[in-house]
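Peer 1: got a structure for you, letters missing:
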């Protein structure tokens, strides 16, 4: 099972997380056209590549963003959304042995 | 035990512990530590099983968990692998896949008609004429599969556990043991697994007639034992590779999911059989199988043997046979011009005749076909791979040991995404691009010389250490030079066939040729057409030869053919292991005991067990529900609503949050007031609804349905994460319980337990109060969901039973009784209240359920608002309407999800329907086309049996408008 | 109106439903009816050494969250763990768990008084939100406790990985739970909290495995000295 790193709770198996879909900026709903809005609501890019995704750490109730390459399934960064949030984990491929 | 040799150091059997078992009704002796096959072989039993398709007699092939023709049953377990499973005292075993026993299998006639049954025949036959298919289906079903499922299988719990280590080493041969030792010395916590019952790998049996390997093994084992941070699991196989180094390891007692920081795969290689006519006879076995018999179990493989080889390994096997007391009649080497060096001279000195550039053309069967009586050998053209049959020679023997090469045990590497390439120096696929943190060493890495393998284990351990950020030296391994351990094409064609490539599925060389002629000349297609590699051993002894044959047919290099995917699990794993302990988490309210005591029938709603209804003795579900509903209508009922979602929104921005999250307005909501909330998703689809009660300027209390509560809270958290408003969300679903008391007598009953003024004027519908009820601080919400007169009482979960009991007692003289969640559904239907998720689906927008009133479009933003502006411009496509069936309707009752039809057109569907005893009418909700929206419109519902029932659109509430109508 | 003396009506532990079969001695502790004894002291002591499961839902608890929560607690002389997902002991008798960064669970051990004091303070302060607690709470003791966790939790809870002051919010037996390691009476134990409504399920799972591993239910009395 894949591991994912919650910026607050650390590295956990995927079973502790709920996927919240791709993170996308909504167009300005007052100025966008109906077609633009419909495209935002209904269309997703399935092309593999770097994506920002919503993930939810269920036991602690933590929503965060993971930057994941959907082709390689590698997560490069996880962080809390928002200006007040500083917790930011760069995923280091080199792991430390327990001593 | 006629073939038992004198005791020898390093044996796995304990000669002091004699045990007895029966096989096919006959008694056999054994030693503890014997496998079923080794004990039978020692006793001279040669036919151990029958092949899957042709029911040919089969004996020992690998003794390494690939002898899938030797599956036995003890009546409990279905397919026991006799070659590796230890025999236990008192076992009563029979072979599977026979009709009338392994010796006189009645199905062995199939072998004689095998020319009529080429691969793929069943794809082409049997389907016409159609009327015969049921007959053939029955025959084929009986023939397909192995063993008989034991439906009385006892429930034996197999635990599924988690474990963690720095390094997992797969394979406890010399390479793996070395790697584990080096890594452990550097401080790593190491887990090492091996499917054999003892560690050592080939060191335990590949001796070449001398015993230095045994010394080496004992040295290694004592070094490993000296490291406390090595955990060794034997009789345990690494079953697969899952992302981020999660490897389930399987033993008899269960599965352990090992999460390793890094993995070394030192899983070795499978010996591959050369292919010649009758290479499947009992007595023809792999060289390594003969060695395993000798050194692990003290069994002489045969008395007079021929070794057929296509590499140098066969020479070692010959020495080991001599060591065991076998007379080695001849060594037949497919390779011309290989003199075998000192080994060959030594062998010749010991009376072994060496036939280089020769092949075994066919093995000769004894008259009862149950054993070998000789081998026909002849010259072999090693370039064209054909037998030169001009000067055939028959050698008398009772066994043939075969050594032609190896295939890497690379399943885990493949699963981890390793790139493999074909290395012609060793005639084997080897890793060319390894994923992060995974290392391969030893034979699976194409390294065969023992000293090099040990170096390779050290190298892999050092690479693993560096991967973990530790210091470790760099080592280089010499690439293999000289003669390849594997022959590029150890195949001997024969006009009459029966030269088996895949023993699981009885596939011969000509089957591949035929498959290619039919156009199935891609390895994946060929696999499916011939079924090569699809038997229980999953191609461990056949895939490599199949690839070689296909390469030859297509005149392509081997690496252009590719390999098939090797998926988990590495060996068949019992369902009971996969199931493990069943975890069925569920939530109980504090009233669960009460419901149970009072005969409730429970239903699962979300994670909760809810009381659905309380049937009196002899009462049907329907009767119980109607009776409970009737009491609510005439007096009062009480329901445990503790599973409702309950969320507090604290802080100055609470109203702002609600206005963004839900469709209504809340900034103007007065303290003490309640408002309806409806949640949409961004596309404007109705997700859920509920009630927001304002307890203070800066405190809202939200109650929502049971099943969706967790998801709604989660979405609230996400929205807050984005909006960063000045508030705090507190999920009190489990902390607070709730009781709903409803019905005309509810107020009177409640009044006896509280000081609160319950009059309509001071506590009207849609208001909230905080007060004591039965001495407990309670939030009272005046709701009208199931009855015009109803109170929800929200209080700490642990206090709820006290309040419930007080209400029950106070309500006794009013006939107060509990009702369940099924009854609640009927009651709310009578009230004309629709429910999200029941009367809506994943496409329903609020206009379609007539919820326009709940939407405040003038707000600057709410979730789904922008989509509603688009939807509002469109004409409705469907509309939820309340309907009744004819008075005294007696036909087939329509059900939820029955279609609303107009001739052949589907207009909509029924979402809720029920008979209401109180109203004495069938009532419900259905989607119809908007033109049927008007009161009095009629539409047709098609029942399950196809009859049409007329329904009439009415006004809600049903209760007021239909009662007595 | 009927009068009730609510003090005399002790609520029952959320786990009690799962404990009711068998001979259980009940007592009221902190106003909650709780199982204090399942078997003789000898048997329970033996279980405790191997794998004891004890219901301590009756411990007083106080929950609070919000941006000002840590200041609020500090003002009330509650010791605050410096880091998220850590715990500390306050006045020797009160556990203070920091759940994530801005939520706290405070639990009085037997004899602790902090929670009552905090609960008595009904003043509403901006940025401080009370979190009502209704936990099912457990003490897991004994030599086999990690063996039990290996089946219920995918995390490495061994001493080398779960440091003494860590609080872990994870899944245990498939449901959300909070776990830490604590020393009670010189003995290292693990603590588990989950939502009270999952309590009976959690008890059943813990006990089933505990019994298989040679342990069993241990009443609160074993910790009441």
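Peer 2: Looks like it came in fine. These numbers come from a predicted model, not from an experiment.

Peer 1: for chain C, which residue occupies the most central location?
Peer 2: Nearest to the geometric centre of chain C sits residue C:137, at 3.3 Å (CA atoms, centre = their mean).

Peer 1: any idea how far it lies from chain B?
Peer 2: 13 Å (CB to the nearest CB, to the nearest Å). No exception for glycine: its C-beta is placed from N, CA and C like everyone else's.

Peer 1: and for residue C:218?
Peer 2: Distance from residue C:218 to chain B, by CB to the nearest CB: 22 Å.

Peer 1: count the residues that sit near that residue.
Peer 2: Residue C:218: 29 surrounding residues under other CB atoms under 10 Å in any protein chain shown.

Peer 1: quick check: pLDDT value at the residue nearest to the centre of chain C.
Peer 2: On pLDDT, residue C:137 comes in at 98.

Peer 1: is chain A contacted by the strand or helix carrying it?
Peer 2: Secondary structure assignment for residue C:137, by DSSP states H and E: strand C:135-141. No - Strand C:135-141 does not reach chain A (CB under 8 Å from any CB of the partner chain); its nearest approach is 13.7 Å.

Peer 1: chain center to the very next helix or strand once past that strand: distance?
Peer 2: Per DSSP H and E, the first helix or strand lying C-terminal to strand C:135-141 is helix C:145-152. The chain centroid and the centroid of helix C:145-152 are separated by 18 Å, computed with CA atoms, centre = their mean, to the nearest Å.

Peer 1: and if you look at stretch B:431-447?
Peer 2: With CA atoms, centre = their mean, you get 27 Å for stretch B:431-447.

Peer 1: what mean pLDDT would you report for it?
Peer 2: 97.

Peer 1: check stretch B:845-865 too.
Peer 2: pLDDT averaged over stretch B:845-865 gives 96.

Peer 1: so which bits of that stretch are buried?
Peer 2: B:845-851, B:854-855, B:859, B:862-865 (16 or more other CB atoms under 10 Å in any protein chain shown).

Peer 1: likewise stretch B:157-164?
Peer 2: B:158, B:159, B:160, B:161, B:162, B:163, B:164.

Peer 1: so which elements touch the one helix or strand the fifth one maps to?
Peer 2: Remark: residue B:162 resides in strand B:159-170, with elements defined by DSSP H and E. Contact here means 3 or more CB pairs under 8 Å, 6 or more residues apart in numbering or on different chains; DSSP states H and E; on that basis strand B:159-170 packs against helix B:174-185, strand B:190-193, strand B:254-265, helix C:145-152.

Peer 1: these: which one's closest to chain A?
Peer 2: Nearest to chain A among these is strand B:254-265; the distance by CB to the nearest CB comes to 4.9 Å.

Peer 1: sheet-wise, list the partners of that closest one with their directions.
Peer 2: strand B:159-170 (parallel), strand B:246-251 (antiparallel), strand B:438-440 (parallel) (DSSP bridges).

Peer 1: run the angle between the longest one and helix C:145-152 for me.
Peer 2: Read it as strand B:159-170. Interaxial angle of strand B:159-170 relative to helix C:145-152 (axes from the mean of the first three to the mean of the last three CA atoms, to 10 degrees): 90 degrees.

Peer 1: if residue A:11 is in a bridge, with which residues?
Peer 2: residue A:5.

Peer 1: show me the helices in the stretch 201-350 of chain B, by range?
Peer 2: B:212-225, B:287-297, B:313-324, B:341-349 (DSSP state H, counting those that start in this stretch).

Peer 1: on that earlier part again, quick one: the strand holding residue B:162 to helix B:174-185, angle?
Peer 2: 100 degrees.

Peer 1: buried residues in stretch A:74-83?
Peer 2: Buried-residue list, stretch A:74-83, by 16+ other CB under 10 Å: A:75, A:78, A:79, A:80, A:81.

Peer 1: and for stretch B:369-376?
Peer 2: Those would be B:370, B:371, B:372, B:374, B:375, B:376, for stretch B:369-376 by 16+ other CB under 10 Å.

Peer 1: make CSV out of the buried residues of stretch B:157-164 and add pLDDT.
Peer 2: Formatted as CSV, those follow (pLDDT from 0 to 100):
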residue, pLDDT
B:158, 95
B:159, 96
B:160, 96
B:161, 97
B:162, 97
B:163, 97
B:164, 97
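
Peer 1: touching, residue C:205 and residue B:582? I think so.
Peer 2: No - under the criterion of CB atoms under 8 Å, residue C:205 is not in contact with residue B:582, lying 10.1 Å apart.

Peer 1: the more surrounded of the two?
Peer 2: residue C:205 (24 against 7).

Peer 1: ok but residue B:792 is inside a strand, no?
Peer 2: Yes - applying DSSP: H, G, I helix; E, B strand; the rest coil, one finds residue B:792 inside a strand.

Peer 1: what's the neighbour count on it?
Peer 2: 24.

Peer 1: contacting residues around it?
Peer 2: By CB atoms under 8 Å, 6 or more residues apart in numbering or on different chains, the residues touching residue B:792 are B:641, B:703, B:738, B:739, B:740, B:780, B:781, B:783.

Peer 1: apart from its neighbours in sequence, what residue is nearest residue B:682?
Peer 2: residue A:41 (5.2 Å; CB to CB, 6 or more residues apart in numbering or on different chains).

Peer 1: assign a three-state SS to that neighbour, would you?
Peer 2: Residue A:41 ends up helix, using three-state DSSP.

Peer 1: work out for me the element the nearest residue to residue B:366 once chain neighbours are set aside sits within.
Peer 2: Distance criterion CB to CB, 6+ apart; nearest residue to residue B:366, sequence neighbours excluded, is residue B:373 at 4.6 Å. If you go by DSSP H and E, residue B:373 is part of strand B:372-381.

Peer 1: in terms of secondary structure, what does that strand contact?
Peer 2: Packed next to strand B:372-381, using 3+ CB pairs under 8 Å, 6+ apart, are strand B:304-309, strand B:327-333, strand B:358-365, strand B:386-396, strand B:399-403.

Peer 1: just name the most buried of those.
Peer 2: Using mean count of other CB atoms under 10 Å in any protein chain shown, the stretch among those with the largest mean neighbour count is strand B:399-403, at a mean of 30.

Peer 1: that one pairs with which strands, parallel or anti?
Peer 2: strand B:284-286 (parallel), strand B:304-309 (parallel).

Peer 1: without its sequence neighbours, what residue ends up closest to residue B:928?
Peer 2: Using CB to CB, 6+ apart, the closest residue to residue B:928 is residue B:908 (4.7 Å).

Peer 1: what about the one you found, distance to residue B:902?
Peer 2: Noted for residue B:908: a distance of 10 Å to residue B:902, by CB to CB, to the nearest Å.

Peer 1: now swap in residue B:259 and tell me
Peer 2: 59 Å.

Peer 1: a markdown table please, covering the strands paired with strand B:254-265 and showing distance to residue C:23.
Peer 2: A markdown table is the format used below for the strands paired with strand B:254-265 (distance: least, CB to CB, whole Å):
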| stretch | distance to residue C:23 |
| --- | --- |
| strand B:159-170 | 29 |
| strand B:246-251 | 38 |
| strand B:438-440 | 55 |
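
Peer 1: near chain A, which residues of chain B?
Peer 2: B:166, B:187-189, B:242-244, B:246, B:257, B:261-262, B:436-437, B:465, B:467-470, B:682-683, B:714, B:717-718, B:721-722, B:724, B:731, B:861, B:865-867, B:869-870.

Peer 1: what subset of these is buried?
Peer 2: Counted by 16+ other CB under 10 Å, the residues of chain B next to chain A give B:166, B:188-189, B:242, B:244, B:246, B:257, B:261-262, B:437, B:465, B:467-468, B:470, B:682-683, B:714, B:717-718, B:721, B:731, B:865-867, B:870 as buried.

Peer 1: thinking again about what came up before, ok, of the buried residues of stretch A:74-83, which one's closest to chain B?
Peer 2: residue A:81 (5.4 Å).

Peer 1: pretty sure the closest one sits against residue A:63.
Peer 2: Yes - under the criterion of CB under 8 Å, residue A:81 makes contact with residue A:63 at 7.1 Å.

Peer 1: that'll do, ta.
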